[in-house]
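**Student:** Next comes the sequence, and after it the predicted model I'd like to discuss.
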Amino acid sequence: MSQIGSRTNAPVEVLPHEHTVAVATHAIDEPRMSPLIRFINLMIIIIPFLGLGAAIYMLWPFGFGWPSLTLFLGMYLLSGLGITVGYHRLFTHKSFETGPIMTTLIGIAGSMAVEGPIIGWVADHRRHHQHSDQELDPHSPHTHGGGVMNTLKGALHAHMGWLVARGVKTDLEKYVPDLQNDKMVVWLSKTFPIWALLGLAIPTVLGGLITMTWTGALLGLAWGGFVRIFFVHHITWSINSMCHIWGTKTYDCGDESRNNAICGVLAFGEGWHNNHHAFPTSARHGLYWWQFDLSYILIRAMEVLGLARRIKVPSPERIASKKRAS
């Protein structure tokens, strides 16, 4: 792996036993996810799917022009990177630091992906790392038993079934005490519905202004809003499912995390999931030059602009020490 040369803001070494936040061990008989939350999650799954159907239906009378494609790709990048750089690498693992303005903007961008408020998202993900592929992992595909049918059930559960299952409720006090004491993050989480709606309003307004038609606004809502959310959701969920089933295992992590090149590209570097589980606080998931990691490129670009600092990456020695024996 090529290393960044000497600079003022040199990479911060990931410590050998560093964890994002120390959390207590869970008991099995903890509260279950409430029916209301499960219903909301179900709507979050269904509505973008219906939006995709509507967008496909509109292809016949209205077609698919460059405004729709541009709005889809632009909002996909904005909200997707808001999840990968913001929700995941900044808020969950604290793999780099940035100022309050950038923290707010990144948090808003991630909220536009409509994957839930920051605090709840981070709590679930930290719980995943604490119990990866064990009983209390909220979305492991490996806790349903053997056989073809159980394997398929596990894959569906890991992909999106866990959002509506009567699973154990993640205890915020145990997993995100740091974020609950951060006024900015608390505010962003409480105002999540505003940013989710903003993520629909932006492509709608831009679609109308670009074409100067109501049809353009409707297509902007369909493709830059609902279809984009559908794709961001399923790419994100594929990290939970595909990247714990299919791919390569370069490092011994005590779980079934895998590196998956398809997810690595589509999820902006998140698909190098075995790398991530080996070095959870690393800002860089694609540890080798051929492992494309757009999120890390953006974090480095932010550093060049003076917008990011204390970027954590593992040393070559640590990378080599955790490799699986041939």
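**Tutor:** Nice, thanks for sending it over.

**Student:** mind checking pLDDT for Ala22?
**Tutor:** We have a pLDDT of 46 for Ala22.

**Student:** in the helix or strand hosting Met302, what's buried?
**Tutor:** According to DSSP states H and E, Met302 maps onto helix 294-304. By neighbour count on 16 or more other C-beta atoms under 10 Å, the buried set for helix 294-304 is 294-296, 298-300, 302-303. Placement of C-beta: from N, CA and C, glycine included.

**Student:** Show me what that helix is packed up against.
**Tutor:** helix 66-81 (3 or more C-beta pairs under 8 Å, 6 or more residues apart in numbering; DSSP states H and E).

**Student:** The helix it packs on: which residues count as buried?
**Tutor:** For helix 66-81, burial by neighbour count (16+ other C-beta under 10 Å) applies to 67-68, 70-72, 75-81.

**Student:** Turn those residues into JSON lines, including pLDDT.
**Tutor:** Listed next are the buried residues of helix 66-81 as JSON lines, based on pLDDT from 0 to 100:
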{"residue": "Pro67", "pLDDT": "95"}
{"residue": "Ser68", "pLDDT": "95"}
{"residue": "Thr70", "pLDDT": "97"}
{"residue": "Leu71", "pLDDT": "98"}
{"residue": "Phe72", "pLDDT": "98"}
{"residue": "Met75", "pLDDT": "98"}
{"residue": "Tyr76", "pLDDT": "98"}
{"residue": "Leu77", "pLDDT": "98"}
{"residue": "Leu78", "pLDDT": "98"}
{"residue": "Ser79", "pLDDT": "98"}
{"residue": "Gly80", "pLDDT": "98"}
{"residue": "Leu81", "pLDDT": "98"}
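
**Student:** Which pair of the residues you listed spans the longest distance?
**Tutor:** The distance between the two most remote of the buried residues of helix 66-81 (C-beta to C-beta) is 21.4 Å, for Pro67 and Leu81.

**Student:** what helix or strand does the most far-flung residue of the chain relative to its centre sit in?
**Tutor:** Distance to the chain centre peaks in the chain at Pro61, reaching 34.9 Å (criterion: C-alpha atoms, centre = their mean). Element membership of Pro61, judged by DSSP H and E, is helix 59-62.

**Student:** roughly how far is the longest helix along the chain from the heart of the chain?
**Tutor:** Longest helix in the chain by number of residues, with DSSP state H as the criterion: helix 35-57. Relative to its chain's centre, helix 35-57 lies at 18 Å (C-alpha atoms, centre = their mean, to the nearest Å).

**Student:** Could you list every helix and strand that it packs against?
**Tutor:** helix 228-241.

**Student:** what comes up buried for the helix it packs on?
**Tutor:** Across helix 228-241, burial judged by 16+ other C-beta under 10 Å covers 228-241.

**Student:** Make JSON lines from the buried residues of helix 294-304 and add pLDDT to it.
**Tutor:** Output for these, formatted as JSON lines (pLDDT from 0 to 100):
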{"residue": "Leu294", "pLDDT": "98"}
{"residue": "Ser295", "pLDDT": "98"}
{"residue": "Tyr296", "pLDDT": "98"}
{"residue": "Leu298", "pLDDT": "98"}
{"residue": "Ile299", "pLDDT": "98"}
{"residue": "Arg300", "pLDDT": "98"}
{"residue": "Met302", "pLDDT": "98"}
{"residue": "Glu303", "pLDDT": "98"}
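
**Student:** Could you export these as CSV, including distance to Cys253?
**Tutor:** Output for the buried residues of helix 294-304, formatted as CSV (distance: C-beta to C-beta, whole Å):
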residue, distance to Cys253
Leu294, 23
Ser295, 20
Tyr296, 19
Leu298, 25
Ile299, 22
Arg300, 25
Met302, 28
Glu303, 27
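
**Student:** before we move on, the earlier item: show me the contact partners of the helix holding Pro61.
**Tutor:** Residues from elsewhere that reach helix 59-62, judged by C-beta atoms under 8 Å, 6 or more residues apart in numbering: 215, 219.
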